[in-house]
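>>> Need a 3D model of the sequence below.
(one chain, ligands or ions: 3)
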Amino acid sequence: MAFWPSVVVATPAHSGVGAALTYRSELSLAPGTLVRVPLGAREVLGVVWDCPLQPPAGLSEAQTRDVGGVLEGLPALNASWRQLVRFAAQYYQRSLGEVALAALPPQLRELSSAQLARRLKKRALAAQAIGGGVPPVADGEAPDGPDLSDEQSESLRALAQAQAPVLLFGATGSGKTEVYLRATLQALRSHADAQVLVMVPEINLTPQLEARFRERFEPLFGAGALVCLHSGMTPAQRLAGWLAAHTGSARIVLGTRMAVLASLPGLRLIVVDEEHDPSYKSQEGARYSARDLAVYRAKVESEALAAGGTGARCQVVLGSATPSLESWHAADQGRYLRLAMPARIGGGALPRLRLVDMNHQPKGAVLSPPLVAAMAERIARGEQCLVLLNRRGYAPVLACHDCGWKSGCPHCSAYRVFHKLDRTLRCHHCGFTERVPRACPDCGNLDIAPVGRGTEQVEEQLAGLLADVKRPDGGPARVARMDADSTRLKGSLELQLATMHSGEVDVLVGTQMIAKGHDFRRITLVAAINADAGLFASDHRAPERLFALLMQAGGRAGRDAAFITEQGSASELWVQTWTPQHPLFAALRAHDFPAFAAQQLAERESAGMPPFGHQALLRADARTQQAAQAWLNAAAQAAEGLPHRADVTLYPAVPLTIQRVANVERAQLLVEAASRGALQRFLSAWQPLLLECRNLPEARGLVRFAVDVDPLVV
Ligand code: ADP
Ligand code: ZN
Ligand code: ZN
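Residues are numbered from 1 along each chain as shown. Ligands and ions are numbered 1, 2, ... in the order given. Predicted structure coming up:
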């Protein structure tokens, strides 16, 4: 007897190979089984999608090849996981094989069955060595952790009973992380196989969070109870983490957006921390939103649990002090359950807003005198300051004042940034780096100068401005910098955070990475010195992002209420701006996110923007801008006859804001629809035509194209 399994393999998104390939097998293979199958001259990893007894109609049985082998010892990927992958592929317009295989650890593709068997055996032995892995947990045993605030208890109670996704709207320092920890404990105790997925925007930036989870759960569930999954791990680490999650030995997975696609057969809770963070949206391959997939996944897992008759659910919690307008709107409509925690733990106040109108400051001042004076006072009292600037390097441009030469990148339509420390010009888009020229390359003028400012320069200036300021211990004020450049070396981020926590450093200057999630105890002043840069960006999400960044940055100040009281000082958020009358600042001053969200949503609604309208982008990369746009417009032309064409608006092709990167020209075409369904129907019908459009004369010069559904930047 023979079976005819259909198997999905990693096909390039637009290779035209169908959803699954049919093979022959002597054995019946359960859907979700991992197999090796021949593809051309190679043998590749695949996932069995279905295994019928009859070959599909029209299949040439003689030409159908045999399944090469089964990855022994690995349980099949379950139905919920397969449903998640199917949905993601369809919704984001990619092939099933691409999404399915991208969700598996890369090393799984390379290991032979024998190598894999050895790994699994080693894992089993290691688990035995630590006494079967999981220590027994006494049921009533109190977990280590503080007594919950009323708001925290109430949130936990509501969460346990929620029948919808939960939006945990908690001020910075309101104790959201503690809620995640307790919810995790509840979920893990609900069932011996229960698993929890905790997602964060960037793991590396917040080693503290991982430490808190380990500290809390390793004593209860064993050393292997928590694994991480993120792209910074080595292939071997990723495989180990994935195997632990897939086989159920890991009870908690802490990861970045990629973790949403991990195999978690016991999943009972998903936490999406800082759910508004743009890094949850993938910018390559299948451009999925991990937050949106988390919500979908929880629904699928809950349905599976309900079908199993257990009465249990898989809960999903989206947490933020400044939720995305999409989630906020969903809560307004009652699709999500909103739980508010407005109060900070310890009763501390949120920082007071101090706006500095830069129109009234000395010309050319990077740091206004009142801000510098306020910082000096704080340092003298033994408090710390955080200075936020959204540009790393010394200056964004180097220019010649004689002939007007600027340090452009030869490969991109962008300037190379001047880094003074190693005297280089670096392109932050393609990485192209050169030594700073001694003279202007165009006219030979020796006097080329930096224009604008970056973190390096602010660090240098602050050190000068604060040179005479003394700390309470009599020592000089110390300024440090933290950004992608200063943290490139392994371990340097932890080291820099440690100097801040220990109080060695008085002022930390950095990019937005210093605003994220850190629980600094002695910071009482946070300053954003070029806030406007974000306000005048062209896209409609700029105010939303700036508001979130400023709230989050401000949230680093005054976290320790006892310290603030003892110091007798109030925490402050300083913002230097050229447009102090902007409505965003009024909402920020009142710490009134709901008012800000309502105003933004009203604007979005009148403009038909998400979440009221739905968007997708067709993006094209080509050798010339003309070619990129010509292909996009041809693709729009090809859509004319489609049945769902009338339900969408197609806009003309336009160049991207940074239109050339690494010698590739980039353009995009916006698709808008009134409903998600209409957009999906149109895109599904359009997809096969897009593949055909690669053969048009207009495709000459086309390098690649991609569809981005629910794009963040339009
Ligand atoms: P958020 O994630 O909302 O910014 P955290 O969970 O990090 O807030 O909590 C802020 C600080 O308060 C942390 O240092 C945390 O350990 C502490 N904390 C949280 N909940 C409590 C509580 N119930 N009692 C005492 N301290 C708490
Ligand atoms: Zn010149
Ligand atoms: Zn470049």
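>>> Next one: the residue lying closest to residue 174 once chain neighbours are set aside relative to ligand 1, how far apart?
Closest residue in space to residue 174, ignoring its immediate chain neighbours: residue 341 at 4.1 Å, by C-beta to C-beta, 6 or more residues apart in numbering. (Glycine included, C-beta is placed from N, CA and C.) According to C-beta to the nearest ligand atom, to the nearest Å, residue 341 and ligand 1 sit 7 Å apart.
>>> neighbours of residue 341, just the number please.
Residue 341 has 23 neighbouring residues, counting by other C-beta atoms under 10 Å.
>>> What residue in the stretch 51-200 of the chain comes nearest to ligand 2?
Proximity of the stretch 51-200 of the chain to ligand 2 (C-beta to the ion) peaks at residue 200, 46.7 Å away.
>>> could you measure that residue against residue 527, distance?
25 Å (C-beta to C-beta, to the nearest Å).
>>> What helix or strand is residue 493 located in?
For residue 493, the host element (DSSP states H and E) is helix 492-502.
>>> what helices or strands is the helix or strand just after that helix leaning on?
Helices and strands here follow DSSP H and E; after helix 492-502, the next one along the chain is strand 507-510. Other helices and strands packing on strand 507-510, by 3 or more C-beta pairs under 8 Å, 6 or more residues apart in numbering; DSSP states H and E, are strand 384-388, helix 455-465, strand 479-482.
>>> Just list the residues touching the residue of the stretch 51-200 of the chain closest to ligand 2, thanks.
Contacts here follow C-beta atoms under 8 Å, 6 or more residues apart in numbering; on that basis residue 200 touches 206, 209, 254-256, 273-274, 517.
>>> And it, what's its pLDDT?
Per-residue confidence at residue 200 stands at 95 (pLDDT).
>>> can you pull the buried residues of stretch 486-494?
Within stretch 486-494, the residues that count as buried by 16 or more other C-beta atoms under 10 Å are 486-487, 493.
>>> Which part of the stretch 201-350 of the chain gets nearest to ligand 3, residue-wise?
For the stretch 201-350 of the chain, C-beta to the ion, closest residue to ligand 3: residue 283, 17.1 Å.
>>> which SSE is that residue in?
Here residue 283 is assigned to no helix or strand, by DSSP H and E.
>>> Can you get me a residue count around it?
Neighbours of residue 283 using other C-beta under 10 Å come to 12.
>>> And it, how far from residue 257?
Distance, residue 283 to residue 257, using C-beta to C-beta: 10 Å.
>>> Residue 584 against residue 596, yeah?
Yes: Residue 584 lies in contact with residue 596 (C-beta atoms under 8 Å); the separation is 6.8 Å.
>>> any shared contact partners between the two?
In contact with both residue 584 and residue 596: residue 547, using C-beta under 8 Å, 6+ apart.
>>> and the residue of the stretch 351-500 of the chain at minimum distance from ligand 1, how many neighbours does it have?
Going by C-beta to the nearest ligand atom, ligand 1 is nearest to residue 351 of the stretch 351-500 of the chain, at 13.5 Å. Around residue 351 there are 26 other residues, counting by other C-beta under 10 Å.
>>> shift numbering so it begins at 57
Taking 57 as the first residue, the last one we looked at is residue 407.
>>> these two touch, right, it and residue 615?
No: using C-beta under 8 Å, residue 407 is not in contact with residue 615, being 10.0 Å away.
>>> Okay, and the beta partners of the closest residue to ligand 2 within the stretch 507-656 of the chain?
Proximity of the stretch 507-656 of the chain to ligand 2 (C-beta to the ion) peaks at residue 507, 13.3 Å away. As for beta bridges, residue 507 partners with residue 453 under DSSP bridges.
>>> so what pLDDT did residue 199 get?
For residue 199, pLDDT reads 58.
>>> low-confidence ranges in the stretch 257-406 of the chain?
When residues are selected by pLDDT under 70, none of them lie in the stretch 257-406 of the chain.
>>> can we see that at 90?
For the stretch 257-406 of the chain, the stretches with pLDDT under 90 are 258-264, 279, 287-288, 340-341, 364-368, 402-406.
>>> The host helix or strand of residue 759 pairs with which strands, and in what direction?
Assigned by DSSP H and E, residue 759 belongs to strand 758-765. If you go by DSSP bridges, strand 758-765 pairs up with strand 670-678 (antiparallel).
>>> can you dump the C-alpha coordinates of the partner strand into CSV?
Taking C-alpha atoms only, strand 670-678 is exported to CSV below (Å, rounded to 0.1, in the frame of the first residue of the first chain):
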residue,chain,number,x,y,z
HIS,A,670,-6.9,48.9,5.4
GLN,A,671,-3.7,49.2,3.4
ALA,A,672,-1.1,47.1,1.6
LEU,A,673,2.0,48.2,-0.3
LEU,A,674,3.4,46.6,-3.4
ARG,A,675,7.1,47.3,-3.3
ALA,A,676,9.6,47.0,-6.1
ASP,A,677,13.4,47.2,-6.1
ALA,A,678,15.0,47.8,-9.4
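>>> Following element in sequence after that strand, please.
helix 681-694.
>>> For residue 675, which non-adjacent residue is closest in space?
Nearest non-adjacent residue to residue 675 (C-beta to C-beta, 6+ apart): residue 724, at 4.6 Å.
>>> wait, is that neighbour part of a helix?
No: counting by DSSP: H, G, I helix; E, B strand; the rest coil, residue 724 is not part of a helix but strand.
>>> Residues contacting the element among helices and strands of the chain having the smallest mean pLDDT, please?
Least confident helix or strand of the chain, by mean pLDDT, DSSP states H and E, is helix 588-591 with a mean of 73. Residues from elsewhere that reach helix 588-591 (C-beta under 8 Å, 6+ apart): 446-447, 598-599, 601-602, 605, 633-635, 638, 640.
>>> out of those, which one sits closest to residue 126?
Ranked by distance to residue 126 (C-beta to C-beta), those are led by residue 601 at 47.4 Å.
>>> Was I right to think the closest one contacts residue 378?
No: Residue 601 is beyond contact range of residue 378, at 9.4 Å (criterion: C-beta under 8 Å).
>>> Who has more neighbours out of the two?
Just comparing residue 601 and residue 378: by other C-beta under 10 Å the higher neighbour count belongs to residue 378, 25 against 20.
>>> show me the contacts for the more buried one.
332, 603-604, 607-608, 649.
>>> and with 6 Å instead?
Residues near residue 378 by C-beta atoms under 6 Å, 6 or more residues apart in numbering: 332, 604, 607, 649.
>>> got these as TSV, with neighbour count and distance to ligand 2 columns?
Formatted as TSV, those follow (neighbours: other C-beta atoms under 10 Å; distance: C-beta to the ion, whole Å):
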residue	neighbour count	distance to ligand 2
332	25	44
604	24	41
607	24	43
649	22	48
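>>> What is the burial count for the residue nearest to residue 216 when sequence neighbours are not counted?
Distances taken as C-beta to C-beta, 6+ apart place residue 242 nearest to residue 216, at 6.2 Å, with adjacent residues excluded. Around residue 242 there are 17 other residues, counting by other C-beta under 10 Å.
>>> same question, residue 705
Residue 705: 13 neighbours (other C-beta under 10 Å).
>>> any idea how far it lies from residue 730?
Counting by C-beta to C-beta - residue 705 and residue 730 are separated by 9 Å.
>>> got a list of what the residue nearest the centre of the chain touches?
Residue closest to the mean C-alpha point of the chain, counted by C-alpha atoms, centre = their mean, is residue 335 at 2.3 Å. Taking C-beta under 6 Å, 6+ apart, we find residue 335 in contact with residue 257.
>>> so it sits in a helix?
Yes: according to three-state DSSP, residue 335 belongs to a helix.
>>> how close does it get to residue 376?
Using C-beta to C-beta, we find residue 335 at a distance of 13 Å from residue 376.
>>> ok, now residue 619?
25 Å.
>>> Between these two, tell me which one has more neighbours.
Counted by other C-beta under 10 Å, residue 619 and residue 376 do not tie: residue 376 has more neighbours, with 25 against 19.
>>> Quick one: the helices in the stretch 107-256 of the chain, in order.
135-147, 152-158, 163-166, 169-185, 206-217, 232-246 (DSSP state H, counting those that start in this stretch).
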